[in-house]
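> 3D model of this:
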Amino acid sequence: MSKRKSPDPKLEALRQRGCPPLLVRGGGLRGGRATIDASRSSQYVSAVLLVGPYGERDLELHLKDGVLVSRPYVDLTLRTMLAFGAEAGWRREGELRVRAGLPYRGRVHRIEPDASSAAYAFAAAAIAGGRVRVPGLPPDSAQADLRLLALLERMGCGVSRRGDEVEVTGAPDKLRALDVDMNESPDAVVALAVVCLFADGPSTLRNVAVLRLHETDRLAALEAELRKLGAGAEAGPDWLRVEPGPLHGAEIETHDDHRLAMAFALAGLRVPGVAIRDPGCVAKTWPDYFTMLERL
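This next block holds a predicted model:
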């Protein structure tokens, strides 16, 4: 396929217009007013915000139709920008503004543990009935996937905090089923779906169409792999229903997705005979994940 040039000489699509791979020539960022479609992913919004301080004019970023999925990730981007000296924030609902001419300043900045990865340790306690403590998560953390803690409480787990340490204790009886909108914390859905295998009834995780755009189509992959274990599972355009059933071991395909490998390994804490194909894909975010499980 031949190259298709963009009207902007600084941006060139190398194969197909409007699609990666792209060649971007830096320098001379104009800034100004722009409209962005954030109905499928918040990452596009964060990317544009991050370069905003280096524009010639203030950046006014309008959300198409006022829609933004996974808003907490944008709020986390804004918080980090402010920490490094930028002036950025919500001007009104559906509109963000970044002041130009305030470049980032170097500083010492504490990086929190990754809540999206910690979700799998918390889920391990919920599934196995044990206790897991994760340090370094401050009470005012803006990480979206910490919402999983409240959901595990709803399911019957114990959650306690001491300073920046969070501890989850598995439910003494069977976990309670959920019907919940997960739009603000989609990365936690993969772990939560496996926890739902052990609930007292069907669970539905809603408003997560974005999961079809990740390393793999996670909704389709979850449906297929949950069924292999004996559960009932159905994926819709933007939802997943998990119905517990008599569970048995199975060989799980990871679809080259680290989160699927980590989540289905947790099922093996309760179900004998669960085998994970291509376990090395967890190296993307947690290379010693399986060593951690052995320690638990």
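> Name the SS class of the residue positioned nearest the centre of the chain, please.
Residue closest to the average C-alpha location in the chain (CA atoms, centre = their mean): residue 187, at 2.6 Å. Classification of residue 187 by DSSP: H, G, I helix; E, B strand; the rest coil places it in helix.
> ok, it touching residue 143?
No. With contact defined as CB atoms under 8 Å, residue 187 and residue 143 do not form a contacting pair (9.7 Å). The C-beta positions use only the backbone N, C-alpha and C, and glycine is treated the same way.
> who touches both of those two?
residue 116 (CB atoms under 8 Å, 6 or more residues apart in numbering).
> if we can go back for a sec, so how far is residue 146 from the residue nearest to the centre of the chain?
Here the criterion is CB to CB, to the nearest Å. By it, residue 187 lies 11 Å from residue 146.
> Would you tell me what the next helix or strand after the top strand by length along the chain is?
In the chain, assigned by DSSP state E, the strand with the most residues is strand 59-68. Later in the chain than strand 59-68, the nearest helix or strand by DSSP states H and E is helix 71-83.
> if we can go back for a sec, which ones are touching the residue lying closest to the residue nearest to the centre of the chain once chain neighbours are set aside?
Using CB to CB, 6 or more residues apart in numbering and skipping the chain neighbours, the partner closest in space to residue 187 is residue 116 (4.4 Å). Counting by CB under 8 Å, 6+ apart, residue 116 makes contact with 143, 145, 187, 188, 285.
> any idea which helix or strand carries residue 116?
With DSSP H and E as criterion, residue 116 is part of helix 115-128.
> and that helix, how far out from the chain's middle?
Offset of helix 115-128 from its chain centre (CA atoms, centre = their mean, to the nearest Å): 14 Å.
> Give me the buried positions along that helix.
Neighbour counts over helix 115-128 (16 or more other CB atoms under 10 Å) mark 115-128 as buried.
> So which of these is the closest to residue 255?
Ranked by distance to residue 255 (CB to CB), these are led by residue 120 at 16.8 Å.
> Quick check, the closest one in contact with residue 261.
No. Using CB under 8 Å, residue 120 is not in contact with residue 261, being 10.0 Å away.
> where do the contact lists of those two overlap?
Listed as contacting both residue 120 and residue 261 by CB under 8 Å, 6+ apart are residue 289.
> What is the end-to-end distance of stretch 61-78?
Terminal residues of stretch 61-78 are spaced 13 Å apart (CA to CA, to the nearest Å).
> contact partners of that stretch?
By CB under 8 Å, 6+ apart, stretch 61-78 touches 33-43, 45-46, 48-50, 52, 88-90, 93-98, 142-144, 183-186, 209-210.
> Quick one, which of those are buried?
Buried among the contacts of stretch 61-78 by 16+ other CB under 10 Å: 36, 38, 41-43, 45-46, 48-50, 52, 88, 96-98, 142-144, 183-186, 209-210.
> mind checking the backbone torsions on residue 23?
phi -110, psi 120 (degrees, to the nearest 10).
> So in terms of bridging, what pairs with it?
Here residue 23 sits in beta bridges with residue 12, as judged by DSSP bridges.
> quick one: it from residue 12, how far?
Applying CB to CB, the value for residue 23 to residue 12 is 4 Å.
> out of those two, which sits in the busier spot?
Taking other CB atoms under 10 Å, residue 23 and residue 12 do not tie; residue 12 has more neighbours (16 against 12).
> pretty sure residue 177 contacts residue 198?
No. Residue 177 is not in contact with residue 198 according to CB under 8 Å; the separation is 10.2 Å.
> neighbour count winner among those two?
Neighbours per residue, other CB under 10 Å: of residue 177 and residue 198, the larger number sits with residue 198, 23 against 18.
> Go ahead and confirm that one touches residue 243.
No. Counting by CB under 8 Å, residue 198 does not reach residue 243; the two are 12.0 Å apart.
> Chain neighbours aside, what residue packs nearest to residue 98?
With sequence-adjacent residues excluded and distances taken as CB to CB, 6+ apart, residue 98 is closest to residue 52, at 3.0 Å.
> that's a helix at the one you found, yeah?
Yes. According to three-state DSSP, residue 52 belongs to a helix.
> Pull the contacting residues for it.
Counted by CB under 8 Å, 6+ apart, residue 52 has contacts 31, 58, 59, 61, 86, 88, 98, 99, 100.
> What are the phi and psi values at the last one?
When read as degrees, to the nearest 10, the backbone of residue 100 gives phi -80, psi 160.
> Once you drop chain neighbours, what's closest to it?
Excluding the flanking residues, the one nearest residue 100 by CB to CB, 6+ apart is residue 55, at 4.5 Å.
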